[in-house]
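J.: Sequence first, predicted model second:
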Amino acid sequence: MVHVACSENMKKYFESIVDEVKKIYKIAEECRKKGFDPVDEVEIPLAADMADRVEGLVGPKGVAGRIRELVKELGKEPAALEIAKEIVEGKFGDFDKEKKAEQAVRTALAVLTEGIVAAPLEGIADVKIKKNPDGSEYLAIYYAGPIRSAGGTAQALSVLVGDFVRKAMGLDRYKPTEDEIERYVEEVELYQSEVGSFQYNPKADEIRTAVRNIPIEITGEATDDVEVSGHRDLPRVETNQLRGGALLVLVEGVLLKAPKILRHVDKLGIEGWDWLKDLMSKKEEEEEEKDEKIDDEDVDEEEEEISGYWRDIKIEANKKFISEVIAGRPVFAHPSKVGGFRLRYGRSRNTGFATQGFHPALMYLVDEFMAVGTQLKTERPGKATCVVPVDSIEPPIVKLKNGDVIRVDTIEKAIEVRDRVEEILFLGDVLVNYGDFLENNHPLLPSCWCEEWYEKVLIASNVGYDKEFIKNPKPEEAVKFALETKTPLHPRYTYHWHDVSKEDIILLRNWLLKGKEDDFEGKKVWIVGLETEDDKKAKRILELIGCCHLVRNKKVMIEEYYPLLYSLGYDVENKKDLIENIDEILNSAKNSMHLINLLAPFEVRRNTYVYVGARMGRPEKAAPRKMKPPVNGLFPIGNAGGQVRLINKAVEENNTDDIDVSYTRCPKCGKISLYRVCPFCGTKVELDTFGKIKAPLKEYWYAALKRLGINKPGDVKCIKGMTSKQKIVEPLEKAILRAMNEVYVFKDGTTRFDCTDVPVTHFKPNEINVSVEKLRELGYDKDIYGNELVDGDQVVELKPQDVIIPESCAEYFVKVANFIDDLLEKFYNMERFYNVKKKEDLIGHLVIGMAPHTSAGMVGRIIGYTKANVGYAHPYFHAAKRRNCDGDEDSFFLLLDAFLNFSKKFLPDKRGGQMDAPLVLTTILDPKEVDGEVHNMDTMWSYPLEFYEKTLEMPSPKEVKEFMETVEDRLGNPEQYEGIGYTHETSRIDLGPKVCAYKTLGSMLEKTTSQLSVAKKIRATDERDVAEKVIQSHFIPDLIGNLRAFSRQAVRCKCGAKFRRIPLRGKCPKCGSNLILTVSKGAVEKYMDVAEKMAEEYDVNNYIKQRLKIIREGINSIFENDKSKQVKLSDFFKMKT
Amino acid sequence: MEIINKFLDLEVLLSPTVYEKLKNFDKEDIENLTEKIKEFKKYNDAFILLDEKFLEIFLQKDLNNIIKEYKDFDFIFYYTGEKEENKEKIKEKEIKTEIKEEIEDKVEFTKKDEKESFVKKSDEDIEEKLKQLISKEEKKDFNAERAKRYEKITKIRESVNSRIKWIAKDIEAIIDIYDDSDVSGKSTCTGTIDDFVKYFKDRFERLKKFIERKAQRKGYPLKDISRMKGQKDIFVVGIVSDVDTSKNGNLIVRIEDTEGEITLILPKEKMEKGQLPDDILLDEVIGAIGTVSRSGSSIYVDEIVRPTFSPKEPRRIDEEIYMAFLSDIHIGSNEFLHKEFEKFVRFLNGDVDNELEEKVVSRLKYICIAGDLVDGVGVYPGQEEDLYEVDIVEQYKEIAMYLEQIPEHISIIISPGNHDAVRPAEPQPKLPNKITKLFNRDNIYFVGNPCVVNIHGFDTLLYHGRSFDDLVGQIRNASYENPTTIMRELIKRRLLCPTYGGRCPIAPEHKDYLVIDRDIDILHTGHIHINGYGIYRGVVMVNSGTFQEQTDFQKRMGINPTPAIVPIINMAKVGEKGHYLEWDRGVLEVRY
């Protein structure tokens, strides 16, 4: 039953999950057999692996076994092609030619995408055999928008599959006409100007070459309401609108992923794709030329003559992430700006897989704009990440209003001082794992000088040391250790000397040497006067290098004076200046770091080579999934229940409305039955009629209440109409029970909870509200050191399908479980199943995890909950849903809920309708069959010394792969599930604020005010730039867009009717009511005042000011009558005279 | 404090006494003073400490005199007694510290005898100011370039040495703006739903009259059509609300009037035979004659009646006078063709190569400009990257300077376009006063877009052409390459922007200024940057191209503009051989 490579222990775990799934499946089967639902069986096939999923998702029947064989024999991609061929050959049934081709393409694409995403179903609208002008036949694939979910590589390979199918069927190649070729060129251009950008911007000639040479026609249905102006009405192109899916495949598939296609073409020996090589080499040539011109974007080493750890390495800032700044979402650090995030390598048990660690104290200092799960857009290595707390990394350093400079290394301290912070000098570390560099193929950046590296250096030089000393060195101790062992100074006291000039260092030195050792509050400190301007300048330098100190009575007190003074060449012990010829040294020093190393009696490493910038993306999320408007059930009532669609109100007011449904007249009692079992007499019927009827709301309502034995159910929210093809309704009883349990339903019949994805590989029982006893029951009996699990503070490795849900989710699921139990008891006449009363009772129950754009769910097991508003799960689990953890969100729902209430018959009959629906369910997680991104996550307990040393050369991450272990190295072995390591501890996975300030602040003005006050506080952020960017990238586009929208808006009626242009009658032709504008004056002006205020306050550049002025005039001209303006003006003159 | 900052922004410091004086000044007076100093600093960008003496000078003397007198004045010497050896050679750094010290000094020295509010200048403020000054240093190049450009423009006229006999000088300009065709100063729009109703009703009512006149009968009210079941030869008028093609290829057109609506069915065969048009646009107003269906819900159409012009002879006058057409000059854009435009201005000043050119220039009396004088700011995202001049006021200053170089006897009519500094929604009012006052000449007539102007007897409709972007996608035969194919469609429908809701934004005025009310003689448009010329039903159609080189955007979209070609017509010979000429990048040629 368990087919994956794993230990006996793991096997038991998987078996227990599969058993439980089967048990629940059986209960659901029994319920569904009663015939109350649209279909008599559970509609979610179970899949043990990818092959099962493919068969469940797209078929054909019986293909799974063959896929398994082929994948084993050939590997995934060749297997996909082979299976396509076999389908065409008729091995899985003989149907008509076009159908076979279509089946082949879908199945192959499903194999390529692991049978998870919706692309094979929704991304391919059709496959046709069409004719060339010369009469020969060729293959055309019709792509649709959701092909996007397949990703570029699979998109590209689907074209290859098409070619393979074409050849297997003996069809000719597609011979495009000139018009058709130019049509693609025009469409790509038009798409980019009207709809959105592609990841790659191809040249017209590249498109021409590609279309001429691709042996099948890549076409598709219209996706956007944008018409081409030339190349219209082509006989072989059915639409004059943009074919978004086809363009995506052509540009982001074939053209962007050309190297990958070529690799497969070579490997598989497919002919006719050599043109891609020419295209690529041409591109490379051009790129090289470009490179020569621009060059060295990332890697630029200067001053080659200085070698050693003190050389400056120039790393070009990457400004892309800040090209847009959204109102109310702060910038934490400008690109590469000094004082920004220091790059720290490593992984904590709650980071990795695109999630990065930040010090929890900082989260409070930035006014709680960072909370657990908040998304950040980052400068590097990737585009985005998710905030999680790690408290073993370097904390922020702040300057208080009284002049004190302190390291804020605990949450308590952060909360205590946050109102007194004048400036955040350093934001502290960002913990990034090697795997994220590998995944993004970003050159490694020089590592900061940190404790881990230091420790490796000590080990390498055979120096004995105390663990506690590494973690928490005393200043004096650090100096003595360095002097005695001749090793570099401890990182804690290695200041940011490189951020100040050589002259600054001398100034600081001269000032410090005027001071003296003294006692202060029982501690030895160095005391220096703070009187003159020069003193103040010197103190500023002390701040800039990140050396903590206090200010009392116009005196500066420095506790860590030992390392500070020794670094500057002053022997504190012997009260002796070690430097005689300071000027000479200053002159011979090549940079600040060099100078310090000339002064200090020990080696002082460079603290930081690169600062990383970041801004806030979107806030974290944890909320029940609700439709708009939220509803309790999928029972249509038209407009009978008013805007909120309350069926109880409709019944009360004796209202009804026309609804489109499948129904029949019961042969026995003669009443209209909307269900397959007549609700009035219990006769089994066929829903054989389809059409408009007057909704018999009253009868159904009372029948349902009677059946449930309920008198006063309260408000029950229903839907206006069904969007599914057959429009089969959900029994009203389900809606009533959901309403009574205060839960909502999604379009497919399931009840879901959405939350931000966050990875976790190890946990402590105490942090997830689960008892040790319960955990042991669930199969957790050892901690990471192999000790028996007895204490809630032991660290335990998470099993791959176990999830930790947010508390709010647990509360919701208690209600959902009660709803299911009520349903079982009152509707299906079965025993209650969950019997949960409190959140803890949910532990051990199974859920489905599922992401949008996919069609396959993954079984998970709840093992606890936290206060953080995120869904914690093993990175594998997220990858199994095809998600990484850079701030994406997806949903959980209870397994029995899905089995009982999900029906394909509810799914909307439109493109994309089958996405985000559990069409198939994976029971066992196989890391080989999850999104490959997670294979790059590193799994070591510490990074080797070579790694740190090597980073200074900024190599490609692949170059160091040999001494870095990642998930990939463990695949196929039992170790893939167990013994995964991490390098940095964190005391709790949910430290820090739980709700991002963005969500708690009210108006946009309030949000932007806070955003700018955060910017003002942080040294690494330029508030004026933030103001300019917010205005330019958020407010102005909004204003212009709305102003434009106003002048071409549609109107609507409260009855739901909508009109492109207002009818001349001025009233709704359908109901006679007054019409309403869809874009109001308020919506247009929304940001005008805020924008103007900000522009004034932050003195933004003239260009922006002029733009705002013009927009203001534009708005006035639309919303103010010229005559009234004149009146106002004359009033004004009157007043003056 | 505000005053001090204002002057600091100009790199001018105030002496305490001067500050005391200025405090009692009106805002306006201070504005004038700073303007003056700003102008002066274009000629002498020294650091100025405004003391009583210079305050008097700036207040009393005429700007030109100040410039003349103090253009080369050594202020540093005046203040410090030290001769500035060589301005260029002093290192930037030193200048900066000097400035800083001066500022600090100033602060110190005001501290002693001034009020508290004045003193609140902390170190940081100084640093901030200093930063600004430094960034200004960087901008100096930019300012110098601008000044150079301006100087060059102001000398265009001087550099032309012509001995032409200006016949046009003795011809009196006759220009009459039809006020009712211009929205300027009469905008009624307040953005309510009622405005939209009034707007479309006005369109319907006015075009209905034209159609009824054409059909010589009254339209039947749509709400009463159901009474006419099966009747033939029924005439109705309505505004199009929906157009669709049925399965068998018939055109299904939904029209409405103020009380009802009905479906028109245009049979496929009749469209194929050309008996019925197949290019019915949303929101145009049409008349239809046909048979009411048996159900009374639709009409089978035999004939479509449009409000189009009756064919006529083009207008001509006796005097041989020439009129030139410009649009889309796009000052400020990196692609603006400075040289070519200068060449054209030189041509107007008599820089001619042959007799033909001399004849035309000497008799050229009018220039129409149909919008987009400047590239503007913020017209599209990322525009600042494409501008050599990001200040819109300076952009207008520059075009004003060019126009000043055109001989005084030529009258100029200017309407705005979508790049100009007025609201983007049509109809657009004329350029605002603060822009028009930059133009230092009398005979420029600023009008709205659109607007009809009678120019020496020719009813000339200026319309920028924003709606062309929509029309090109809607009408099969209309193409950018040949603008008259689009312009014809406007005349056919008597509507400048037939379809609502497209790319062309519309301001719902109570009157639809986009209806072509008059039987005009000339339709002048621009916007698409491609020249076009033709005569349709006696109306001269001119699209005047551009002075902007192909932009990257146009390149990517495959649009090939025809820059630096200026259409010129001979008003005495319209429609006859030789009446249409083009000044084509420096050469005048007869086209038709």
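T.: That came in fine, so what should we check first? The structure displayed is predicted, hence computed values, not measured ones.

J.: Show me the shaky parts of the chain.
T.: As the question left the chain open, I've gone with chain A. A:1, A:286-308, A:1056, A:1124-1137 (pLDDT under 70).

J.: um, chain B though
T.: Where chain B drops to pLDDT under 70, the residues are B:1, B:76, B:80-140, B:556-558.

J.: Apply 50 and report the result again.
T.: B:84-122 (pLDDT under 50).

J.: Where do the domain boundaries of it fall?
T.: B:2-154, B:157-185+B:319-590, B:217-305 (automatic domain parsing).

J.: Highest mean neighbour count out of those?
T.: Across the domains of chain B, the average number of neighbours (mean count of other Cβ atoms under 10 Å in any protein chain shown) peaks for domain B:157-185+B:319-590, which reaches a mean of 20. All C-beta spots, glycine's among them, are computed from the backbone N, C-alpha and C.

J.: how many other residues sit next to A:Pro335?
T.: Neighbourhood size, A:Pro335 [other Cβ atoms under 10 Å in any protein chain shown]: 21.

J.: can you tell me which residues contact the nearest residue to it once chain neighbours are set aside?
T.: Nearest non-adjacent residue to A:Pro335, counting by Cβ to Cβ, 6 or more residues apart in numbering or on different chains: A:Ala317, 3.8 Å away. A:Ala317 makes contact with A:Pro335, A:Ser336, A:Lys337, A:Glu379, A:Gly613 under the criterion Cβ atoms under 8 Å, 6 or more residues apart in numbering or on different chains.

J.: What of B:Tyr592?
T.: Applying Cβ under 8 Å, 6+ apart, the residues contacting B:Tyr592 are B:Tyr533, B:Lys577, B:Gly578, B:His579, B:Tyr580.

J.: Let's see which of those residues end up in strands.
T.: Secondary structure from DSSP state E places B:Tyr533, B:Tyr580 of the contacts of B:Tyr592 in strands.

J.: and of the contacts of B:Tyr592, the nearest to A:Leu598?
T.: In terms of Cβ to Cβ, no member of the contacts of B:Tyr592 lies closer to A:Leu598 than B:Tyr533, at 79.1 Å.

J.: a helix runs through A:Leu139, doesn't it?
T.: No - using DSSP: H, G, I helix; E, B strand; the rest coil, the assignment for A:Leu139 is strand, not a helix.

J.: So what are the sheet partners of whichever helix or strand A:Ile863 is part of and their directions?
T.: Assigned by DSSP states H and E, A:Ile863 belongs to strand A:856-866. Its sheet considered, strand A:856-866 pairs with strand A:802-806 (parallel), strand A:846-850 (antiparallel), strand A:920-922 (parallel) by DSSP bridges.

J.: highest average neighbour count across these?
T.: Of all the strands paired with strand A:856-866, strand A:802-806 has the most neighbours on average by mean count of other Cβ under 10 Å, namely a mean of 27.

J.: Check the offset of that strand from the chain's centre.
T.: Centroid separation for strand A:802-806 versus its chain: 18 Å, with Cα atoms, centre = their mean, to the nearest Å.

J.: Check stretch B:579-592 too.
T.: The chain centre lies 24 Å from the centre of stretch B:579-592; the measure is Cα atoms, centre = their mean.

J.: so how far does it reach from one end to the other?
T.: End-to-end distance for stretch B:579-592: 6 Å, by Cα to Cα, to the nearest Å.

J.: Other residues contacting the helix or strand hosting A:Gly435?
T.: Using DSSP H and E, A:Gly435 maps to helix A:434-440. Residues from elsewhere that reach helix A:434-440 (Cβ under 8 Å, 6+ apart): A:345, A:347, A:352-354, A:356, A:380-382, A:385, A:443-444, A:933, A:936-938, A:943, A:947, A:957-958, A:960-961, A:964, A:966.
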